[in-house]
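Asks: could you look at this predicted model? Sequence included:
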Amino acid sequence: MRAAVFSMCVASALLGHLAHACKYSVRDVAFVDLTQESYAFLTISSGSDLDAIKARIQPVATAVFLDSNIRTGWLSSEDAVNHPGFQSNQGRLPLTGAFLYRDGLKPLPLMIPDEVNDVDTNRNWSRMERAVHSPIRQQAVEHLLSAYAVILVVETKDVQENARVRLAAQSAAATLAKMIPEMPKPVDVPPQVVVVPYDMIQAEEAMLWGLEMTHLKPDKPQVAVLIGRGRRLGPTLKGDEITAGKLQQILAVAGQDCECDLDRSWMQGPMIPVRWGPERQQSAYNNLGFDPDNPLVKAEISRILARGKNPIRVNGTDSIGSDLDMLLLGYSEEVLSFDESTIGSSLTPAEPDATETTTSSDVSPIVESEGMDNKSVSGISKTGESRDTSSTETHPLSVAADEESPSSTRSVLLMLSGFCIFAIVGGLVVLITGRSRK
């Protein structure tokens, strides 16, 4: 009888643990972008010139910042003093130029007034490209798609200190590589070390500025751990703070279960300005086993971030955790497959209406809005433009609804299983007790 009761308790405990287990790691969460609009490319000029500059720069900016977390914004010099990023400029000369802006950071100058007024489209393109692309940033992002994490090392003129920091980073990466197989969700590729040489700091200023690292002639080496979609995990370490032990502690967090008691602010650290197009989306999907851009995944991650220590709510509300659930009641994604021979025979000149069958109401394309959130960058005069990316083709990231069932359904099923086991074990206990009394 005691053995039966003990088995019942163990079974209940295991089921309870499984019901509350999270299928995402901290690293997985960093691939999910809930805001999508972290940065603004602000062009500032006098009111009389702004319309002409906007007509010339807007087409270039739309192309350069496509699939990135940067949106364009326009301000007159007179209105710029009321913008939170430029209030310290009050009383000085009128502002002109182009800046990269994010809430809480001092705007990063990208184009001086002469460059803003430049009519050469190619030169405008190359200057805007600095905001979203750079050689070492490209290298880091490519590693992040498959690697456990990236240890970003920013060097100084001190050769010996640079060597010490690189050795500490390599040692921490080697130690974590041995621990990864024992983690809840192992990753095949261990942490990678990416170095920003001192003479490359200016070319990488947008990335370093976005990570809140010193980008103007730093006198001490700096190290940051990046995960997911170029998101910083934990604090930036500088100078003597950089040790293999501290880096190991930060790296270990990336492999933890997302339902752990970790400070939620660690899961939503600053993200670098980055272009995240279809190829990277597909690569992330292949490596993660789920689509980080799926609305159902975003809803689940938002609920995880909204509870625990220092909970995070998108735009200060719980809307993505509650209102979005209501919007998604009828949402699903399905993978469509076609027989090539059937398609080839049906799309013949004799049947001019055959192509219309692929656009019937049976296939519901997904439309992605590109409008800027009013709360993300205050004081910006937005274009109000949006682009419809709906398509009748099957997107490679589509996931069958039965493959991405919400965790709540899994929990209910596990609870029902627990009750069944409880009833069976209880019945056995009663049966054994009744026979022993006879």
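Replies: Yes, it's here. Numbering: from 1, shown residues only.

Asks: was I right to think residue 218 contacts residue 201?
Replies: Yes - Residue 218 lies in contact with residue 201 (Cβ atoms under 8 Å); the separation is 7.2 Å. Every C-beta, even on glycine, is put in place using the N, C-alpha and C of the backbone.

Asks: who touches both of those two?
Replies: residue 154 (Cβ atoms under 8 Å, 6 or more residues apart in numbering).

Asks: strands of the chain, start to end?
Replies: For the chain, the strands defined by DSSP state E occupy 39-45, 70-76, 97-101, 108-111, 150-154, 192-196, 222-227, 231-238.

Asks: burial check on residue 248, number of neighbours?
Replies: Here the count is done by other Cβ atoms under 10 Å, and residue 248 has 18 residues near it.

Asks: what's it in contact with, if anything?
Replies: For residue 248, the contact set (Cβ under 8 Å, 6+ apart) comprises 172, 175, 176.

Asks: model confidence score at the last one, please.
Replies: In the predicted model, residue 176 carries a pLDDT score of 95.

Asks: contacts only, for it.
Replies: For residue 176, the contact set (Cβ under 8 Å, 6+ apart) comprises 148, 149, 190, 191, 248, 251, 252.

Asks: let me know the closest of the residues you listed to residue 51.
Replies: Of all the contacts of residue 176, residue 51 sits closest to residue 149, with 45.7 Å by Cβ to Cβ.

Asks: hmm, residue 252 and the closest one touching each other?
Replies: No - taking Cβ under 8 Å as the definition, residue 149 is not a contact partner of residue 252, at 10.1 Å.

Asks: re earlier: which of the contacts of residue 176 are buried?
Replies: 148, 149, 190, 191, 248, 251, 252 (16 or more other Cβ atoms under 10 Å).

Asks: distance to residue 164 and pLDDT added to those residues, as JSON lines?
Replies: Formatted as JSON lines, these follow (distance: Cβ to Cβ, whole Å; pLDDT from 0 to 100):
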{"residue": "148", "distance to residue 164": "23", "pLDDT": "97"}
{"residue": "149", "distance to residue 164": "21", "pLDDT": "97"}
{"residue": "190", "distance to residue 164": "21", "pLDDT": "96"}
{"residue": "191", "distance to residue 164": "18", "pLDDT": "97"}
{"residue": "248", "distance to residue 164": "16", "pLDDT": "96"}
{"residue": "251", "distance to residue 164": "18", "pLDDT": "95"}
{"residue": "252", "distance to residue 164": "22", "pLDDT": "93"}
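
Asks: tell me which of those fall in helices.
Replies: 248, 251, 252 (DSSP state H).

Asks: for these, which one is nearest residue 35?
Replies: Of all these, residue 35 sits closest to residue 251, with 25.1 Å by Cβ to Cβ.

Asks: for that closest one, which non-adjacent residue is closest in space?
Replies: Spatially, and ignoring its direct neighbours in sequence, residue 251 is nearest to residue 176 (4.7 Å; Cβ to Cβ, 6 or more residues apart in numbering).

Asks: contacting residues for residue 68?
Replies: Contacts of residue 68 (Cβ under 8 Å, 6+ apart): 132, 273, 274, 275, 276.

Asks: quickly list what it is bridged to.
Replies: Residues in a beta bridge with residue 68, per DSSP bridges, are residue 275.

Asks: cool, and the one 4 residues further on?
Replies: The residues paired with residue 72 through beta bridges, assigned by DSSP bridges, are residue 41.

Asks: that one: neighbouring residues, count only.
Replies: As a burial measure, residue 72 scores 23 neighbours (other Cβ under 10 Å).

Asks: okay, it: pLDDT?
Replies: Here the pLDDT value assigned to residue 72 is 93.

Asks: likewise for residue 51?
Replies: 90.

Asks: quick one on the thing from earlier: can I get the ones in helices among the buried ones among the contacts of residue 176 in a markdown table including distance to residue 304?
Replies: A markdown table is the format used below for those (distance: Cβ to Cβ, whole Å):
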| residue | distance to residue 304 |
| --- | --- |
| 248 | 25 |
| 251 | 21 |
| 252 | 19 |
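
Asks: neighbours around the closest residue to residue 153 other than its chain neighbours, how many?
Replies: Nearest residue to residue 153, sequence neighbours excluded (Cβ to Cβ, 6+ apart): residue 195, at 4.7 Å. Using other Cβ under 10 Å, residue 195 has 17 neighbouring residues.

Asks: now residue 180. Nearest residue, chain neighbours left out?
Replies: residue 186 (5.3 Å).

Asks: residue ranges in the protein under the pLDDT threshold?
Replies: 1-22, 36-37, 88-94, 258-265, 307-415, 419, 429-430, 433-438 (pLDDT under 70).

Asks: care to break it down by domain?
Replies: For the chain, automatic domain parsing gives the domain ranges 2-21+406-437, 39-132, 136-268.

Asks: residue 306: which of those domains is closest?
Replies: Smallest distance to residue 306 across the domains of the chain (Cβ to Cβ): 8.2 Å, for domain 136-268.

Asks: gap between the two ends of the closest one?
Replies: End-to-end distance for domain 136-268: 22 Å, by Cα to Cα, to the nearest Å.

Asks: number of residues surrounding residue 244?
Replies: Counted with other Cβ under 10 Å, residues neighbouring residue 244 total 16.

Asks: also residue 202?
Replies: Counted by other Cβ under 10 Å, the residues lying close to residue 202 total 13.

Asks: what's the answer for residue 143, then?
Replies: 19.

Asks: which residues touch it?
Replies: 150, 189, 192, 194.

Asks: just the buried ones from those?
Replies: 150, 192, 194.

Asks: from residue 225, how far out is the second one?
Replies: When distances are taken as Cβ to Cβ, to the nearest Å, residue 192 and residue 225 turn out to be 11 Å apart.

Asks: and the first one, by the same measure?
Replies: Distance of residue 150 to residue 225, computed by Cβ to Cβ: 7 Å.
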